[in-house]
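>>> have a look at this fold, sequence not included:
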C-alpha cells in the first residue's frame, strides 16, 4: 500500500536539524552528503558538506530531509505541519518539550473537547509540529 512521508528542505543546516530531531525523537539517522557522491569533484567546496539526503527512522516514524533547495529558493510557509501521533501522554509531553527548545511553543499541550491531548509548536528551524495523543 502506498504511504506518504514528510520530506523537509533546509538551506545548509539539514544535518543540524536532523541531529536535533534525532535527539528529540530517538531513532537511527542516516545522512549522505554531496561530498560523498562520485560526482562531487566538480562541486564547489561549500556544497560538499550539504546533505543530499537524510532519513531518521524509529519504528513507523520516518522523517526525510535535504539541503537541496530548488532553484526558486527556500520559502517557509504555514501550509504544512508535521503531525506526531504519540502512544502515551508522557511521550507527547516529552516530545513537545524537546521539540520546542529554541522554538515557539505556540499552543501548549492540553486535553481537547474530543478527548485527545493536543498542542502545536514551531521548532527552531521554522517547522510546525502538531503533537497529539488519543485519550
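That came in fine, so what should we check first? What you are looking at is a predicted structure, and each value in this text was computed from that prediction instead of being measured. Numbers count the residues shown, from 1 in each chain.
>>> show me the domain layout of the chain.
Annotated domains of the chain cover 1-70, 80-135 [automatic domain parsing].
>>> the helix or strand harbouring residue 119 pairs with which strands?
Using DSSP states H and E, residue 119 maps to strand 117-122. Partner strands and pairing direction for strand 117-122 (DSSP bridges) are strand 104-111 (antiparallel), strand 128-133 (antiparallel).
>>> in this structure, which spans are helices?
14-25, 89-99 (DSSP state H).
>>> flag the shaky bits of the chain, pLDDT-wise.
Counting by pLDDT under 70, the ranges of the chain that qualify are 1-2, 40.
>>> mind redoing it with 90?
Low-confidence segments of the chain (pLDDT under 90): 1-5, 11, 34-50, 52, 68-80, 113-114, 135.
>>> endpoints of stretch 105-124, how far apart?
Start-to-end span of stretch 105-124 (C-alpha to C-alpha, to the nearest Å) is 10 Å.
>>> same question but for stretch 121-128, I mixed them up
Using C-alpha to C-alpha, the two ends of stretch 121-128 sit 6 Å apart.
>>> ok, now how distant is residue 28 from residue 19?
12 Å (C-beta to C-beta, to the nearest Å). No exception for glycine: its C-beta is placed from N, CA and C like everyone else's.
>>> pick out whichever of those two has more residues nearby.
residue 19 (15 against 9; other C-beta atoms under 10 Å).
>>> these two touch, right, residue 33 and residue 49?
Yes: counting by C-beta atoms under 8 Å, residue 49 is a contact partner of residue 33 at 6.0 Å.
>>> and for this protein, the residue most distant from the center?
residue 42 (30.2 Å; C-alpha atoms, centre = their mean).
>>> just to revisit the earlier point, the helices of the chain: which one's closest to residue 38?
Within these, the stretch nearest residue 38 is helix 14-25; the backing value is 20.6 Å (C-beta to C-beta).
>>> pull the contacting residues for the nearest residue to residue 56 once chain neighbours are set aside.
Sequence neighbours aside, residue 63 is the residue nearest to residue 56 in space, at 4.4 Å (criterion: C-beta to C-beta, 6 or more residues apart in numbering). By C-beta atoms under 8 Å, 6 or more residues apart in numbering, the residues touching residue 63 are 5-6, 8, 18, 21, 25, 55-56, 82.
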